[in-house]
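Participant: structural data only, the sequence is not supplied:
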């Protein structure tokens with residue numbers, strides 16, 4: 001068995017593997033005789049290796065269906081392309097979709113699987129730090145709408161998640177920084193010491209062995225929370241820390257700002273808002289900003305268009321009764337969710353993000 005590390009708590013296995021083709025095949029064998037492998041074009045070669053291994057071991061995989069990477073591909077056209085690939089293969093309900101790529105790809109392919117023939121099984125193979133630490137874990141699938149991020153989607157659990165550790169060697173530098181943002185979020189939500197570990201992690205991943213345990217710990221935070229609230233009726237909302245402002249910044253920038261960069265800015269906004277609401281301390285806030293800056297993530301952006309960002313928040317999925325609800329830190333390792341914040345305070349927090357931190361905030 002090639003599994004390096006397993007994350008417990010969910011009704012399906014989540015493993016960090018040093019030989020993904022072997023582990024994907026092991027988890028599929030016996031439950032499906034046919035698979036359709038869908039991949040981000042950037043990792044099509046790796047997806048072909050997985051497809052070849054499946055076919056060699058009796059799971060007919062056929063050609064890989066590759067779609068362009070990037071947030072601009074998180075749309076109906078990409079879902080339709082996957083549906084077309086399934087239809088051309090005459091896919092049946094007993095088949096399985098194998099999604100190979102980052103968080104965008106697993107979101108789109110999972111959604112396509114959920115909506116083809118009213119639901120095909122799928123298996124996620126995240127190849128990026130964001131996908132491994134967060135996006136591929138938990139069963140959320142979605143695409144973007146012209147007015148907002150992830151507005152169209154369903155909960156559709158995979159049969160397994162196999163984080164492809166070997167693929168980390170091909171990931172661009174920016175993707176590692178994006179992963180730090182999601183790992184920092186997980187630390188603030190439920191793993192205080194993880195933040196300190198991130199503060200000592202080298203900026204560049206010379207050795208995946210240094211990253212894997214920390215990625216697994218971030219995934220474990222998410223798995224624990226999702227297990228208690230699979231459909232976000234309550235506590236799962238904690239995992240949206242930094243994302244209310246973050247998603248709006250992504251949309252407002254036409255996705256010039258990457259997901260991790262936007263979350264980093266959102267974490268600063270959440271910390272600032274929390275100071276007067278939960279008593280979140282300046283010392284804890286500085287700890288977070290220091291980790292983000294160490295890994296090259298922005299904590300301010302003069303190009304932010306405040307009005308466009310605020311408008312994007314009006315279609316945020318977490319609104320209740322017409323009001324925005326925020327996740328706010330109490331201290332690193334503990335947050336409060338569902339907190340209503342005044343429009344004036346939100347505006348002030350977004351405006352603040354245009355400037356470098358003053359007096360630590």
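Facilitator: Cool, the structure landed. Note that the structure is predicted; figures quoted are calculated from it, not measured.
Participant: please count neighbours and contacts with C-alpha atoms only from this point.
Facilitator: Fine.
Participant: where does the stretch 1-150 of the chain dip in pLDDT?
Facilitator: Regions of the stretch 1-150 of the chain meeting the criterion pLDDT under 70 cover residues 1.
Participant: can you give me the strands in it?
Facilitator: 3-7, 14-17, 35-40, 65-67, 96-101, 121-126, 140-145, 148-155 (DSSP state E, counting those that start in this stretch).
Participant: so which of those strands is nearest residue 355?
Facilitator: Of all the strands of the stretch 1-150 of the chain, strand 148-155 sits nearest to residue 355, with 24.9 Å by CA to CA.
Participant: sorry, back to before: as a markdown table, the strands of the stretch 1-150 of the chain with mean neighbour count and distance to residue 170 would be great.
Facilitator: Below are these laid out as a markdown table (neighbours: other CA atoms under 10 Å; distance: least, CA to CA, whole Å):
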| stretch | mean neighbour count | distance to residue 170 |
| --- | --- | --- |
| strand 3-7 | 16 | 19 |
| strand 14-17 | 26 | 16 |
| strand 35-40 | 28 | 13 |
| strand 65-67 | 22 | 17 |
| strand 96-101 | 30 | 11 |
| strand 121-126 | 29 | 13 |
| strand 140-145 | 22 | 24 |
| strand 148-155 | 18 | 26 |
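Participant: so which of those comes closest to residue 332?
Facilitator: That would be strand 3-7 among the strands of the stretch 1-150 of the chain, by CA to CA, at 21.8 Å.
Participant: quick one: the spatially closest residue to residue 57 that is not a sequence neighbour from residue 279, how far?
Facilitator: Nearest non-adjacent residue to residue 57, counting by CA to CA, 6 or more residues apart in numbering: residue 25, 7.4 Å away. For residue 25, the distance to residue 279 equals 50 Å [CA to CA, to the nearest Å].
Participant: when those two are compared, which one has more neighbours?
Facilitator: More crowded of residue 25 and residue 279, by other CA atoms under 10 Å: residue 25, with 19 against 13.
Participant: one step back: need the contact list for the residue nearest to residue 57.
Facilitator: Applying CA atoms under 8 Å, 6 or more residues apart in numbering to residue 25 gives the contacts 53, 54, 57, 59.
Participant: the spatially closest residue to residue 14 that is not a sequence neighbour in helix, strand or coil?
Facilitator: Nearest non-adjacent residue to residue 14, counting by CA to CA, 6+ apart: residue 161, 4.6 Å away. Classification of residue 161 using DSSP: H, G, I helix; E, B strand; the rest coil returns strand.
Participant: show me the contacts for residue 161.
Facilitator: Taking CA under 8 Å, 6+ apart, we find residue 161 in contact with 12, 13, 14, 15, 123, 124, 125, 126, 136, 137.
Participant: so what sits opposite the fifth one in the bridge?
Facilitator: So the one you mean is residue 123. Bridge pairing for residue 123 (DSSP bridges) gives the partners residue 98, residue 160.
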